[in-house]
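Chemist: Sequence first, then the predicted structure:
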Amino acid sequence: QLQLVESGGGLVQPGGSLRLSCAASGFTLDYYAIGWFRQAPGKEREGVSCISHSGVRTNYADSVKGRFTISRDNAKNTVYLQMNSLKPEDTAVYYCAAVRTFISCSRRGDEYAYWGQGTQVTVSS
């Protein structure tokens, strides 16, 4: 059974950092592009970042560029989202998603086949 599990969320003060992890089970991530998405209450889902299957290509939303870094460790079958200089507006449930593709990556959610359950990130003093 293909499964993605996010972890690393929590409560952090503005300006703080968190590292989210997206661990895959039941399949190897080597052939999959991974995206990170977030959804805040009352708002549409936003594509935050994505990384190609090889890790060579990455993409970021303007709202997180320069603060968030996506990376992957295919040996550990895990993708990470390092979030620095967090702001209250980063508060949301964060999801990772996977799609089997060798063509770069996308921040469009409708292009992804497999989704995790999400992890809550709250930025507040």
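Modeler: Received it, and whenever you're ready, just let me know what you need. Numbering: from 1, shown residues only.

Chemist: so where do the strands sit in the protein?
Modeler: With DSSP state E, the ranges of strands along the chain come out as 3-7, 10-12, 18-25, 32-39, 46-51, 58-60, 68-73, 78-83, 92-100, 114-115, 119-123.

Chemist: Show the pLDDT at residue 94.
Modeler: You'll see residue 94 listed with a pLDDT of 98.

Chemist: actually residue 2, not the one I wrote
Modeler: Confidence score, pLDDT, at residue 2: 87.

Chemist: hey, what's the residue nearest to the spatial centre of the chain bridged with?
Modeler: For the chain, the residue nearest the mean C-alpha position is residue 36 (2.5 Å; Cα atoms, centre = their mean). With DSSP bridges as the criterion, residue 36 is bridged to residue 49, residue 96.

Chemist: Surely it is in contact with residue 45?
Modeler: No: Residue 36 is beyond contact range of residue 45, at 11.1 Å (criterion: Cβ atoms under 8 Å). Bear in mind the C-beta positions are built from the backbone N, C-alpha and C, glycine included.
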